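Peer 1: Any chance you could fold what I've pasted below:
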Amino acid sequence: MKKILFIIFVITFSTSAQILSEREQAGLKDEILADRFNSLLPVLMDRTGIDMWLVISREYNEDPVLRTMLPALWLNARRRTILIFYRNKKENTIEKLAVARYDVGENITSAWDKELQPDQWQALVNIIIERNPKKIGINISEYFGIADGLVKTDYDELIKALPTDIQEKLISAEKLAIAWIETRTQKEMELYKTLVQITHDIIDEAFSNRVITPGKTTTDDVVWWMRQKVTDMGLETWFHPTIDIQRSNEKLKSHIYSFTKADIEKVIMPGDLLHCDFGITYLGLNTDCQQHAYVLNENEDKVPSFLSEAFNKGNRLQDIFTANFEEGKTGNQILLKSLSEAKSEGLQPSIYTHPLGLFGHSAGTTIGMWDSQEGVPVNGEYPLHRNTVYAIELNTTVHLLEWEKDIRIMLEEAGFYGKDGFRYVNGRQLAITVIKNKIN
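Peer 2: Next up, the predicted model:
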């Protein structure tokens with residue numbers, strides 16, 4: 001396959017991005033997938049001690065993991081699709097087979113001749129017997145939904161087909177499924193930086209007078225502008241954006257209010273502190289970003305210093321938090337240490353960071369939830385691994401003497417953790433965006 005260059009976007013301030021054509025996207029998607037199968041998957045199977053992995057789904061009821069393995073031309077599974085990944089560590093090989101009527105793209109080879117063996121399940125059993133794996137992973141998990149994609153009917157059919165001695169080799173592929181979903185390759189990270197840049201550019205345009213006319217534009221107008229912008233660019237969004245407002249004469253509302261449609265028809269006015277929550281989907285990857293903007297009053301030419309100082313506290317909380325990223329530490333350990341350090345500096349922090357990548361709320365360790373600041377059972381005990389991306393999502397509450405009330409600085413940026421430690425995928429917001437006062 002002809003190699004496709006990864007950075008083929010031309011971004012301007014007005015976000016006129018040149019998105020790849022559908023045909024080019026398909027080629028790039030399959031190139032990335034081939035790299036993941038051939039270079040990444042063997043490492044993950046060795047790490048988790050599974051030498052055969054079964055991923056089984058039926059059309060329109062796909063296992064979340066299987067969805068990430070389908071080639072560009074397969075929008076869904078077909079009939080019953082059974083994928084087999086067999087790792088022979090001694091010979092350093094990885095077999096990618098499908099008990100299906102046809103190859104699954106260029107990466108996975110059909111291993112079933114229905115005319116010779118009409119029973120699909122027996123064909124699977126024959127392949128297993130021939131390779132004699134030690135441990136066979138299947139996607140069942142009590143706590144990690146993304147790793148729990150084997151539905152009951154397929155599980156029952158599998159068990160009925162397998163001889164007892166093979167049944168005894170079945171184990172949960174939870175750790176392998178999570179690792180597959182959470183781990184980013186170098187090829188993916190080359191693409192990811194551009195995705196985050198596109199996200200930032202859309203927010204920059206949304207938080208400007210090209211979109212917002214103070215006194216006329218509503219929060220819902222901005223939300224739907226963002227949705228339309230994404231569609232017009234040939235992209236998708238994995239959740240409905242939100243825009244909320246904090247004002248000097250309104251009491252600070254709860255966490256959950258800021259992430260609902262409560263401000264659906266609120267008119268944006270001078271003096272408003274705006275906040276957005278927005279993310280896009282492109283080529284199988286997702287972004288998630290929260291930023292702030294301020295609408296200047298008539299007599300202002302910059303953001304008031306007390307708001308800038310409050311925003312700096314949000315950046316400081318980010319610094320404290322990301323400095324605690326350490327391979328092998330659990331999400332709960334990172335959370336509690338970060339909260340303790342932030343409080344010792346006089347901050348009022350809340351941290352609720354989630355894995356980001358092939359899904360928006362993806363697989364990996366959970367580092368706090370807005371309503372679980374003492375730690376998250378089970379999911380928060382999963383360890384941090386290298387080559388993973390997280391939505392660095394948090395807030396700090398700040399009391400403003402000038403407004404005689406509390407405000408909440410809510411920030412979220414994509415961050416990568418690798419061999420050189422933590423870095424933002426494409427920077428972060430370091431100052432509140434300015435929106436000029438233009439009441440007509």
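Peer 1: Let me see the backbone angles for Tyr417.
Peer 2: The phi and psi values for Tyr417, taken as degrees, to the nearest 10, are phi -120, psi 120.
Peer 1: Measure how buried it is and give me the count.
Peer 2: Other residues within reach of Tyr417, judged by other CB atoms under 10 Å, total 21. For the C-beta atoms, the positions are set from N, CA and C on the backbone; glycine is no exception.
Peer 1: tell me the contacts of it?
Peer 2: Phe325, Glu327, Leu384, His385, Arg386, Asn387, Thr388, Val389, Tyr390 (CB atoms under 8 Å, 6 or more residues apart in numbering).
Peer 1: again, but for Gly346
Peer 2: Contacts for Gly346 were tallied using CB under 8 Å, 6+ apart; there are none.
Peer 1: Would you mind listing where the stretch 251-400 of the chain has pLDDT under the threshold?
Peer 2: Judged by pLDDT under 70, the stretch 251-400 of the chain has its weakly predicted residues at 255-264.
Peer 1: Now for the contacts of Tyr417: which two are most distant?
Peer 2: For the contacts of Tyr417, the maximum inter-member distance is 14.7 Å, found between Glu327 and Val389 (CB to CB).
Peer 1: which of these two has more neighbours?
Peer 2: Val389 (28 against 13).
Peer 1: ok, so what distance separates the more buried one from His361?
Peer 2: If you measure Val389 against His361 using CB to CB, to the nearest Å, the figure is 12 Å.
Peer 1: Any chance you could list residues touching both of the two?
Peer 2: Common neighbours of Val389 and His361 are listed as Pro355 (criterion: CB under 8 Å, 6+ apart).
Peer 1: can you map out the strands along the stretch 51-200 of the chain?
Peer 2: 52-58, 80-88, 93-99, 109-110, 136-138, 170-172 (DSSP state E, counting those that start in this stretch).
Peer 1: mean pLDDT lowest for which of the ones you listed?
Peer 2: Least confident of those, judged by mean pLDDT, is strand 109-110 with a mean of 89.
Peer 1: any idea where the helices of the stretch 101-250 of the chain begin and end?
Peer 2: 120-131, 152-161, 164-167, 174-182, 186-206, 219-232 (DSSP state H, counting those that start in this stretch).
Peer 1: quick one on the thing from earlier: could the strands of the stretch 51-200 of the chain be laid out in a markdown table, adding distance to Thr397?
Peer 2: Formatted as a markdown table, those follow (distance: least, CB to CB, whole Å):
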| stretch | distance to Thr397 |
| --- | --- |
| strand 52-58 | 44 |
| strand 80-88 | 47 |
| strand 93-99 | 50 |
| strand 109-110 | 56 |
| strand 136-138 | 44 |
| strand 170-172 | 40 |
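Peer 1: Show me how the record splits this structure into domains.
Peer 2: Per automatic domain parsing, the structural domains of the chain span 22-180, 184-435.
Peer 1: Please point out which parts of whichever helix or strand Asp30 is part of sit buried.
Peer 2: Assigned by DSSP states H and E, Asp30 belongs to helix 22-35. By neighbour count, and taking 16 or more other CB atoms under 10 Å as the criterion, the buried residues in helix 22-35 are Gln25, Ala26, Gly27, Leu28, Lys29, Asp30, Glu31, Ile32, Leu33, Ala34, Asp35.
Peer 1: can you count the residues close to Tyr382?
Peer 2: Going by other CB under 10 Å, the residues that sit close to Tyr382 add up to 23.
Peer 1: Chain neighbours aside, what residue packs nearest to it?
Peer 2: The shortest distance from Tyr382 to any residue other than its chain neighbours is 4.2 Å, reached at Thr365 (CB to CB, 6 or more residues apart in numbering).
Peer 1: Also His399?
Peer 2: Asp406 (5.2 Å).
Peer 1: does that neighbour belong to a helix or a strand, and which?
Peer 2: In this assignment (DSSP H and E), Asp406 forms part of strand 405-418.
Peer 1: after that strand comes which helix or strand?
Peer 2: Once strand 405-418 ends, the next helix or strand along the chain (criterion: DSSP H and E) is strand 421-424.
Peer 1: so how far is that following strand from its chain's centroid?
Peer 2: Averaging C-alpha positions (CA atoms, centre = their mean, to the nearest Å) puts strand 421-424 16 Å from its chain's average.
Peer 1: From the contact counts, what lies against it?
Peer 2: When contacts are defined as 3 or more CB pairs under 8 Å, 6 or more residues apart in numbering; DSSP states H and E, strand 421-424 packs onto strand 405-418.
Peer 1: Next, the angle helix 186-206 makes with the strand it packs on.
Peer 2: Relative orientation of strand 405-418 with respect to helix 186-206: 160 degrees, computed using axes from the mean of the first three to the mean of the last three CA atoms, to 10 degrees.
Peer 1: mean confidence score for strand 405-418?
Peer 2: Averaging pLDDT along strand 405-418 yields 98.
Peer 1: what are the C-alpha coordinates of that strand, in PDB please?
Peer 2: Extracted as PDB, the C-alpha positions of strand 405-418 are listed here (Å, rounded to 0.1, in the frame of the first residue of the first chain):
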ATOM      1  CA  LYS A 405     -18.800  35.100  45.200                       C
ATOM      2  CA  ASP A 406     -17.000  31.900  44.200                       C
ATOM      3  CA  ILE A 407     -16.300  31.000  40.600                       C
ATOM      4  CA  ARG A 408     -15.100  27.700  39.100                       C
ATOM      5  CA  ILE A 409     -12.200  27.500  36.600                       C
ATOM      6  CA  MET A 410     -12.900  24.400  34.600                       C
ATOM      7  CA  LEU A 411     -10.200  23.100  32.300                       C
ATOM      8  CA  GLU A 412      -9.700  20.100  30.100                       C
ATOM      9  CA  GLU A 413      -6.900  19.200  27.600                       C
ATOM     10  CA  ALA A 414      -5.600  16.100  25.900                       C
ATOM     11  CA  GLY A 415      -2.300  15.000  27.500                       C
ATOM     12  CA  PHE A 416       0.100  12.200  26.500                       C
ATOM     13  CA  TYR A 417       2.100  10.100  29.000                       C
ATOM     14  CA  GLY A 418       5.100   8.300  27.500                       C
END
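Peer 1: what comes up buried for it?
Peer 2: Within strand 405-418, the residues scored as buried using 16+ other CB under 10 Å are Ile407, Arg408, Ile409, Met410, Leu411, Glu412, Glu413, Ala414, Gly415, Phe416, Tyr417, Gly418.
Peer 1: Make a markdown table out of those and add distance to Ile129.
Peer 2: Written out in a markdown table, the entries for these read as follows (distance: CB to CB, whole Å):
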| residue | distance to Ile129 |
| --- | --- |
| Ile407 | 65 |
| Arg408 | 60 |
| Ile409 | 60 |
| Met410 | 55 |
| Leu411 | 54 |
| Glu412 | 49 |
| Glu413 | 50 |
| Ala414 | 45 |
| Gly415 | 46 |
| Phe416 | 42 |
| Tyr417 | 41 |
| Gly418 | 40 |
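Peer 1: about what we covered before: mind checking which of the contacts of Tyr417 are buried?
Peer 2: By neighbour count, with 16+ other CB under 10 Å, these hold Phe325, Leu384, His385, Asn387, Thr388, Val389, Tyr390 as buried.
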